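Visitor: Give me coordinates for this.
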Amino acid sequence: MLRSLLVLALAAAVSASAAEPVRPIARGEVPEALAPAVERGEAAADLFRDRFLKRVAAMLAQGGPTAALTVCPTEAPRIAREVAQVQQVEIGRTSFRLRNPANAPRPWASAYVAAAAGKKPDELKPVVFDLGDRVGVLRPIVATPVCKSCHGPAEALDPEVKAEVARRYPRDQATGFAAGDLRGFFWVEVKKR
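Guide: Numbering: from 1, shown residues only. Take a look at the predicted model:
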């Protein structure tokens, strides 16, 4: 009996490790059963984006690019926590070229995020991942003219911004973007109800 249980456990472990990665579902092909969770995820992404960009714009107006740079490491996580609490989701930002290692893609999103490198935003639409008990939503982040202050070509960055980025993020990969480029993704995980 014990031997049979061990064989079953080993077989389950092998099949779990050989499982295919989670595949994205195009937004227009989302099954009806997932639609409520997807709508909650998209609403959360919109709220996060709007609050985040508003705060970046305010800091730019107040103190320029160096002040705006503080939004990402300090205020973006706080905004994400607030949105997560209100919307009852998990939420964050990620990219194929990271500035902050804490923003690495979730395992379910990593292959999709990596494959998006170099693509134009109009080539990518929001996608959904059925994660079993949850739904994952990825929304593209398009670089705006405001973004170039911290994410533009390295040689064009203000020297104070460049120094602050180097101090905070010695392994930064998040420069070289132009307005209209795909900068990364907002990700959301929503429990199915």
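Visitor: Pull out the buried positions in the helix or strand hosting R167.
Guide: Assigned by DSSP states H and E, R167 belongs to helix 159-168. For helix 159-168, burial by neighbour count (16 or more other Cβ atoms under 10 Å) applies to 161-162, 164-165. (Each C-beta comes from the backbone N, C-alpha and C, glycine too.)
Visitor: for those, which one is nearest L60?
Guide: Nearest to L60, judged by Cβ to Cβ, of the buried residues of helix 159-168 is V161 at 11.2 Å.
Visitor: T175 is in contact with H151, isn't it?
Guide: Yes: in this structure, T175 is within contact of H151 by Cβ atoms under 8 Å, at 5.9 Å.
Visitor: is it true that A37 touches E189?
Guide: No: proximity of A37 to E189 does not meet the contact threshold set by Cβ under 8 Å, at 9.4 Å.
Visitor: Overlap of the contact sets of those two?
Guide: Common neighbours of A37 and E189, using Cβ atoms under 8 Å, 6 or more residues apart in numbering, are 134-135.
Visitor: re earlier: state the pair within the buried residues of helix 159-168 that is farthest apart.
Guide: Farthest apart among these by Cβ to Cβ are K162 and E164. That separation is 7.4 Å.
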